[in-house]
Structure formats: C-alpha cells, structure tokens
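In: Pasting a predicted model and its sequence here:
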Amino acid sequence: MEKRSRGDRADEHGGKGAPRGHGPVLRTENGLVRGRAAAGGVTAVLGIPYAAPPFGARRFGEPEPAAPWDGVRDCTVFGPVAPQSAELPGAPVWRPGDEDVLTVNVWAPENTGTGPLPVFFWIHGGANTFGSSAQPDFDGTALARAGLVVVSCNFRVGFEGFGHVPGHPDNRALLDQAAALRWVRDNIAAFGGDPGNVTVAGHSSGAGAVLCLMTMERARGLFRRAVAHSVPSAFHSVALAAAVTGRIAAVAQVAPTAEGLRSASPGALVAASDAVSAACATDPVAAVHAFESVIFQPVVDGEVLPADPLRALASGAARDIDLLLCHAEEEYWFLHTVGAVREVTTEAELGELARALDLPDGLVEGYGAVMPGAPVLDRALAVLGDAKFGAYTTRLAETHARAGGRAHLARFARARPGVRPWHTADVPFAFGNLDAPGADFLVGGAPDEADRALSRRMLRAWADFAAGGDPGWPPVTATTTPARAWAVPDDRLVDAAASPVHGLWRSVPFGLLRPLRGADV
C-alpha cells in the first residue's frame, strides 16, 4: 500500500468528514483517504466515493465522476446504502436524504514485497432490490489475509438501479458497477493491488450482474476472471421492464414518463415497488412472478446489455474470461423459509407452476421419479430452485466451456439437521465469516470445527482462482461436467452431467421474461 510520506502531509481538517485520526492514509485520484486497522494486519478503507451522488439532475442517468476533495477524507465507516426498505442484520439502513451512495470499500493486507496482489471485487445480492456492501458476512478481512486486495461496492438498486425510465439508460446498477471497476483500474495500485489481475465476484443477483458485466462493452478489459454463485436465470425484455414501470407509476400516482417518475421521491418509488412486488402472487406482471416477488432484473436493452448472458457466452463473447460457478443443492428452501415464494401444496398448483415457467411436458413428472414419495412442496421447491439457479448455473458453465472459455463448477452441499444447503448459505463459508451477525441463521447455529474447515477450503479456492485461475479441481470441458461438491466432513468430485436432474433440464431453453397479455399498463 502507498502510505503518505512525511513530505506529503495534508491539512487534516479540510477533507469532508475528516476528523483527526491515526489510521493509515492513502492516495486516490480524487484525494487522500484515511482507513482503519482491521484484524491480522489488514487495512480497511471504507466508503470511498467512486462516482457522484446519482440524484437531483443526475437521477436516472449514467454515473458521473466523483468530485475531488481537499485534505484527508475519513473512510473508516461504510457509506450510505441506496434507497430501499430492507433492514438487514448488522448493516446500515437507507434514510431519505442519503445521497452519496456510490462508494467502494477496500481491504488490503500488508504487502510483503512480493509484488502487486490479485484483486477480488465483490457485488452483493439482494434480488436487485435491497442489500449493501456493509453486510457483515461480506467483510473482506479473511480474504485479504489470504493474499487478496478485496473491494466491494454500493450501487443503485430497485427502481433507481433497474426501473425503466423513458429516455434514460436501463441497467443503471450495471453502469454503476462498471464505474466502480474503472475506479479499481485507476486506483487499486495505491492499495497494493494489481489492476491487471482483477476477479469480479457475486452471489444471486450479484452473480447475475457478474455475468452481465462479462458481456458488456462498458466493462471490457476491466477484469480477467469471474466468480458467480447461484446465478439467477431471469432477465427482462424491455417490454416487461416498461410494464413493471407502469405498475409502479400507477401505485405512486405519477405518469410513467421521465418527468412523472422524477417527480416521485426515491422513497415513494421504493414504497410503490414494494406494493407491486407484494401483489405479484395474485396480479403478476410476468408468469413467473405468480410464484415469486422479484420485479427488477437486468434488462436486455441491446445497448448497455446487448444480449442475455447465456446467449452471449454461447457466441464466445467472453471466452477470454475464466469463470468459476457454484450453486446450492436446495436453493429455494431458503426463499420458502423467509416467505419470499408462494406456497405450493397440491398437484394442481404444481401443474400451474410448470405452466408459469413454460416447462416442457414431463419435466415436473420427472421430479416425482427423482424424488419418490416427496411432498408436493419439496418437489415444487426443487423445480423452482433448479429453474432459477441450479440448472441455469450448470448450463452457463457448460456453455462457456463449449464456446472455448475456461469454466469450473461447484455445488454447495453442506447440511445439518434442520438446515438445508440453501440459497446464500455458501457466502459466509467462502468469505470466512461464519461468526458474522446473521450468519447463524444461514449456518443453522454455531459453526463446528468441520464447518470451519469447510470454510477454509472454500476461501482458499476463491483465493487460488483469483490468483491464477485454478480453484483446485478440473474444469468443465465440451464433453464433461465435473463439479466440486462442498460438504462436511469431506468434499467430493461429482459428475454433474450424470445427475438425473441434469437430464431433465438438458433440452430446456432459458430465455427472456416477457409481460403477460394485458400486463403492459
């Protein structure tokens, strides 16, 4: 890390929010920043602006450069989160008036003189609607101690990030993330990182963002590897994004125009979006929304996002980017547990689910053969989990390999009584944050030594992949699909293509979600 020398002192009263302090001071292109010491010799520098506040005249626009500052800016606490209604354990909440929401955080280990370190850039999940980089299970200290410079960022979520606004760019959240990656390119060397060896990583909607960035011209050349856990298969057509905007505008009582939407406060659009999401079970905008409540997805607009990622990977558009993919074996049990998915308890409702997902005849029946005697709910959650995450994540790995790219695949299979290998449970393991606030729910209580050993293995795989592209098991090829199954007490290497579930999905297409007939309001 580049620390300020005695001859490079600055007025420590001049920077925004910059009281006197004793933490390390580093130089960015916009000014000096003060961080704080974390565990194990790691320095954490939090809440560094990478772009200007995206409100006022900048609202619904592309991210613009952050203004420089004088003196030393105090960067010892996380920056404000983007407009949302979520209140997550251990993380800040959004409050009206919080505007400086486009910030990055850096965890940097002491450089031992071995040269610049690999960079690991994290994109949080949250259904494209909530979440922030300040969530405790995303703390980068343990990964930094493994030899990485870790970066995470806040970006616009919900309507501010993904709502369709006529005359304004779609996918503003993706544009924010690309801007944060440009900040990494221009500044990370001062923190000991190698701007030529950047890995972009994310989970759930953050993983979807990773796949989008792999195919976006705005992000080309900004990273060489990608890690994506539980990639969602949902991407919106422009027509569906416009239909969602129409519903939200109607609830907010504004016109679905740029002028009308700008007249609604960020808080008003958050409230309207929540209302539309809650109504999807009985009044869906798209068929799949009858079984879940996610109304914001990346929009395949032909400009920011030229094609859906699966099609783009098949064309070889990202064959130069190494890809590490993972999914949980029972993804949807978590979403059911937290009430984020509609209950399915009868065979008739299971048939309705198959029609809503436009699944081929025989697929749902095939789950009856794979899961003999399983209740309807178990089969429904298995179908949803594979449709939304598992089968799609596997398809991405196979498609990337067949197009000439290098892809590795893993499954999170760790379970204990009362806790399944479900969505999000793999994140605190891979980050080495099993004791973070809120992680006990995902883990199923206090972690034992076998859990900690699994966490060390998963964290090492991330670090090794970021450093050199090899997580420790064979890659997927054009004809084989080996996968690491993360489990306790021991992992195992499995043939994903030999799974009967894989056979059920082999010929099922994944495409854009479109509005239901009559949904274009």
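Out: Done, it's in.

In: Show me the shaky parts of the stretch 1-150 of the chain.
Out: The model of the stretch 1-150 of the chain has pLDDT under 70 over residues 1-21, 112.

In: And the next helix or strand past the one helix or strand A391 maps to?
Out: Using DSSP states H and E, A391 sits within helix 391-402. Following helix 391-402 in sequence order, the next helix or strand is strand 407-412 (DSSP H and E).

In: All the strands of this structure, residue numbers only.
Out: Remark: strands assigned in the chain by DSSP state E are 25-28, 31-34, 36-37, 43-49, 72-74, 103-108, 117-123, 149-153, 193-203, 225-229, 322-328, 407-412, 482-486, 492-495.

In: The ones you listed into a markdown table, with extra columns for distance to A278 and mean neighbour count?
Out: (Glycine included, C-beta is placed from N, CA and C.) A markdown table is the format used below for the strands of the chain (distance: least, CB to CB, whole Å; neighbours: other CB atoms under 10 Å):
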| stretch | distance to A278 | mean neighbour count |
| --- | --- | --- |
| strand 25-28 | 42 | 22 |
| strand 31-34 | 41 | 24 |
| strand 36-37 | 40 | 15 |
| strand 43-49 | 32 | 24 |
| strand 72-74 | 39 | 23 |
| strand 103-108 | 30 | 27 |
| strand 117-123 | 26 | 27 |
| strand 149-153 | 29 | 28 |
| strand 193-203 | 24 | 23 |
| strand 225-229 | 27 | 26 |
| strand 322-328 | 26 | 27 |
| strand 407-412 | 30 | 26 |
| strand 482-486 | 34 | 22 |
| strand 492-495 | 39 | 12 |
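
In: Just put these in a markdown table and tack on distance to D176.
Out: Shown next, in a markdown table, are the strands of the chain (distance: least, CB to CB, whole Å):
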| stretch | distance to D176 |
| --- | --- |
| strand 25-28 | 18 |
| strand 31-34 | 20 |
| strand 36-37 | 25 |
| strand 43-49 | 12 |
| strand 72-74 | 20 |
| strand 103-108 | 10 |
| strand 117-123 | 10 |
| strand 149-153 | 8 |
| strand 193-203 | 13 |
| strand 225-229 | 18 |
| strand 322-328 | 22 |
| strand 407-412 | 27 |
| strand 482-486 | 31 |
| strand 492-495 | 37 |
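
In: Compare these and report which one is nearest to G385.
Out: Nearest to G385 among those is strand 322-328 (7.8 Å), distances taken as CB to CB.

In: Please name the nearest non-neighbouring residue to the residue nearest to the spatial centre of the chain.
Out: For the chain, G206 is the residue whose C-alpha lies nearest the centre (CA atoms, centre = their mean; 1.1 Å). Sequence neighbours aside, I123 is the residue nearest to G206 in space, at 3.8 Å (criterion: CB to CB, 6 or more residues apart in numbering).

In: Now for the residue nearest to the centre of the chain: which residues touch it?
Out: Applying CB atoms under 8 Å, 6 or more residues apart in numbering, we find G206 in contact with W122, I123, H124, G125, G126.

In: and the third one, how many residues sit next to it?
Out: Each residue near H124 was counted by other CB atoms under 10 Å, and the total is 27.

In: Who are the contact partners of the nearest residue to A317 once chain neighbours are set aside?
Out: Excluding the flanking residues, the one nearest A317 by CB to CB, 6+ apart is T215, at 5.3 Å. Shown in contact with T215 (CB under 8 Å, 6+ apart): L305, P306, A307, P309, A312, L313, A317, A318.

In: Off-centre distance for stretch 184-202?
Out: Centroid separation for stretch 184-202 versus its chain: 18 Å, with CA atoms, centre = their mean, to the nearest Å.

In: 4 is where my numbering starts, stick with that
Out: All right, first residue 4 from here; so that's stretch 187-205.

In: Is V273 in contact with F162, as I believe?
Out: Yes. Applying CB atoms under 8 Å, one finds V273 in contact with F162, separated by 7.2 Å.

In: which of those two has more neighbours?
Out: Taking other CB under 10 Å, V273 and F162 do not tie; F162 has more neighbours (30 against 26).

In: residue contacts, that one?
Out: T248, I251, L264, P269, L272, V273, A275, S276, F299.

In: which of the residues you listed lies closest to A258?
Out: Nearest to A258 out of those is L264 (CB to CB; 7.8 Å).

In: Wait, the closest one touches F63, no?
Out: Yes. If you go by CB under 8 Å, L264 and F63 touch, sitting 7.3 Å apart.

In: More neighbours: those two, which one.
Out: L264 (24 against 21).

In: Could you find the closest non-adjacent residue to the more buried one?
Out: Closest to L264 by CB to CB, 6+ apart is V168, at 5.5 Å.

In: ok, now S268?
Out: P99 (7.1 Å).

In: How about the contacts made by that neighbour?
Out: S268, P269, G270.

In: from the residues you listed, which would you call buried?
Out: P269 (16 or more other CB atoms under 10 Å).
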